[in-house]
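K.L.:
any chance you can model this:
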Amino acid sequence: MSCDCEKKLAAEFSTNKVDTSLMDEVIDKFKRENGNLISVLQDAQEAYGYLPLDVLKMIADRTGNKRAKIYGVATFYSQFRLKPRGKYIILTCQGTACHVNGSDAIAEALCEELNIKVGDSTSDWMFSLEEVACLGCCSLAPVIMINGEAFGNLTPKSARKIVKDIYASEKGVAVNED
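P.N.:
Residues are numbered from 1 along each chain as shown. Now for the predicted structure:
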């Protein structure tokens, strides 16, 4: 049974169909213990890389929690992702040092190069672009981090080149140095 509010909320989630049986062991582990909803959601995100709507519905049904409660927790905490992320997670630093050294231009160049907005992923799920308050690499400002590796002293051109190089290495082709 679905209501209009659930349909509106579903628009925030990825609509990918997933194998919910990956959660059977997790549900069985936490089923009888109250107060473990966040742990269940963390395990679900670990299994899928994000929180698929089908999995949230299954968690509600199998734990006896209302869907509204499950959705509320999943959308309240910033640690939970409602959509899949790309293979490469690009974090753009927006700290003071990076900001005064041109992080906005770096983010804009990456958005243009990847044809996405901050917070989105490329259609091929190769890249996700996110902003963070500070990466703690102020001496390298402006800086981005990709899957834990910092790239500093960037220009819009060098940021674009990093992305092009990653795409090229994934496809096994050389990058043109124009």
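
K.L.:
quick check: which ranges of the protein have low pLDDT?
P.N.:
Low-confidence segments of the chain, defined by pLDDT under 70, span residues 1-16, 31-34, 174-178.

K.L.:
show me how far stretch 97-115 is from its chain's centre.
P.N.:
When C-alpha coordinates are averaged (Cα atoms, centre = their mean, to the nearest Å), stretch 97-115 and its chain have centres 18 Å apart.

K.L.:
what comes up buried for that stretch?
P.N.:
Applying a neighbour-count criterion of 16 or more other Cβ atoms under 10 Å, the buried positions in stretch 97-115 are 97-98, 101-103, 106-107, 109-110, 113-114. From N, CA and C alone the C-beta is placed, and that goes for glycine too.

K.L.:
how many neighbours does the residue lying closest to N115 once chain neighbours are set aside have?
P.N.:
Nearest non-adjacent residue to N115, counting by Cβ to Cβ, 6 or more residues apart in numbering: T122, 7.2 Å away. Neighbour count for T122, taken as other Cβ atoms under 10 Å: 18.

K.L.:
which other helices and strands does the helix or strand harbouring A159 contact?
P.N.:
Using DSSP states H and E, A159 sits within helix 156-171. Using 3 or more Cβ pairs under 8 Å, 6 or more residues apart in numbering; DSSP states H and E as the contact test, the elements touching helix 156-171 are helix 103-114, strand 144-146, strand 149-151.
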